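**Q** got a structure for you, letters missing:
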DNA sequence: TTTCACTTTAGAACAATTATAAACTAGTTT
DNA sequence: AAACTAGTTTATAATTGTTCTAAAGTGAAA
Ligand SMILES: [Mn+2]
Ligand SMILES: [Mn+2]
Ligand SMILES: [Zn+2]
Ligand SMILES: [Zn+2]
């Protein structure tokens, strides 16, 4: 993803392309592969890989703004820390608890043959498969 | 589950059957159906449904001891709060975000037809299916 | 350029959890 | 039965992850 696309992406989702947002967006979205991260890991990586300084609150604000705008998704992982994901399409995960790392699984790589019907007057919003790994 | 079984369960897992543990165990395990809870909800329920007082630290300690002993499992749910589960067998969940409630799905009620192989030298430890509900 | 709503920031506040260390108790030993 | 002791409970402090606050700064429109 090019810088111009990043500016477009920010503007089109009602986010002013500030210095901080552009830098964080470049760091997150100028990638070939999915990137999974926590606020803590992102904070450290930004400190290491960029020359700018970011208040922790800005990282929280920005990540949430990107999530709100649909540019990031949040993944449920064991622990009390939030994990975010640059892959916003419907997909699944491996989880390696040794390294605390998530690995994407394409939605098409898992086929569910039998599934129970939703209770009461409820409907199924989405199905998430989480595969825990061991050595 | 009878009180005698509870004493047995505690002793056999190396847990002294103290007044607090027995009371909490009775509350958790003398049930027909699975019980899903957070520490906060358990604290409130114990205050309401029992005549004893429990330090919050004791509830944390006890729940963790039960989990360590394999009498409770922990379920990953969106949010920064831990959910526990009296069903320690392999099973899946519906999650109703309206009520923040988990509903058990028997392992046999979900059949997966196609699943990717584990990466590198890793193996699959277990597969958790999480079905988000909407109205 | 001036303006102003939006943004960033440092720090405070908050929520969930874990650690601490003194008082207490279940179960063993005398 | 009294003493002993390792394990437990408790109140409270500390820690961790996250959100709030309000003052200073900035993007972009006028
Ligand atoms: Mn989590
Ligand atoms: Mn969670
Ligand atoms: Zn992913
Ligand atoms: Zn369950």
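**A** That came through fine. Fair warning: this is a prediction, and the values are worked out from it, not measured in the lab. Ligands and ions are numbered 1, 2, ... in the order given.

**Q** Could you list the domains of chain A?
**A** As assigned by automatic domain parsing, chain A contains the domains A:3-75, A:92-133.

**Q** how about those, which one is nearest DNA strand C?
**A** With Cβ to the nearest atom of the strand as the measure, domain A:3-75 is the member of the domains of chain A nearest DNA strand C (3.2 Å). C-beta: built from backbone N, CA, C; applies to glycine.

**Q** what's the residue sitting furthest away from the middle of chain A sitting at in phi/psi?
**A** In chain A, the residue that sits farthest from the middle, by Cα atoms, centre = their mean, is residue A:120; the gap is 31.7 Å. Main-chain dihedrals, residue A:120, degrees, to the nearest 10: phi 40, psi -130.

**Q** picking that back up, JSON lines for the domains of chain A, including distance to residue B:41 and mean pLDDT?
**A** Converted to JSON lines, the domains of chain A look like this (distance: least, Cβ to Cβ, whole Å; pLDDT from 0 to 100):
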{"stretch": "domain A:3-75", "distance to residue B:41": "23", "mean pLDDT": "95"}
{"stretch": "domain A:92-133", "distance to residue B:41": "20", "mean pLDDT": "94"}
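
**Q** Remind me what the lengthiest strand in chain A packs against, helices and strands.
**A** Counting residues, the longest strand found in chain A (DSSP state E) is strand A:123-134. Here strand A:123-134 touches strand A:91-96, strand B:123-134, going by 3 or more Cβ pairs under 8 Å, 6 or more residues apart in numbering or on different chains; DSSP states H and E.

**Q** JSON lines for those strands, including mean neighbour count?
**A** As requested, the helices and strands packed on strand A:123-134 are arranged in JSON lines below (neighbours: other Cβ atoms under 10 Å in any protein chain shown):
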{"stretch": "strand A:91-96", "mean neighbour count": "21"}
{"stretch": "strand B:123-134", "mean neighbour count": "17"}
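
**Q** thinking again about what came up before, and for the longest strand of chain A, what's in contact with it?
**A** A:76, A:90, A:92-98, A:105, A:110, A:112, A:115, A:118, B:76, B:112, B:115, B:118-119, B:122-135 (Cβ atoms under 8 Å, 6 or more residues apart in numbering or on different chains).

**Q** again with stretch A:87-97
**A** By Cβ under 8 Å, 6+ apart, stretch A:87-97 touches A:34, A:70-73, A:75, A:77-78, A:101-107, A:109-110, A:126, A:128-134, B:116, B:118-119, B:122.

**Q** filter those residues down to the ones near ligand 3?
**A** Residues of the contacts of stretch A:87-97 in contact with ligand 3 (Cβ under 5 Å from the ion): residue A:104.

**Q** List, out of the contacts of stretch A:87-97, those positioned next to DNA strand D.
**A** The subset of the contacts of stretch A:87-97 within reach of DNA strand D, by Cβ under 7 Å from any atom of the strand, is empty.

**Q** Adjacent strands (with direction) for the longest strand of chain A?
**A** Strand A:123-134 has these partner strands in its sheet, going by DSSP bridges: strand A:91-96 (parallel), strand B:123-134 (antiparallel).

**Q** quick one, whatever helix or strand comes next after the shortest one and strand A:123-134 angle?
**A** Per DSSP states H and E, the first helix or strand lying C-terminal to strand A:91-96 is strand A:101-106. Regarding strand A:101-106 and strand A:123-134, their directions subtend 130 degrees when assessed with axes from the mean of the first three to the mean of the last three Cα atoms, to 10 degrees.

**Q** Cheers, nothing more for now.
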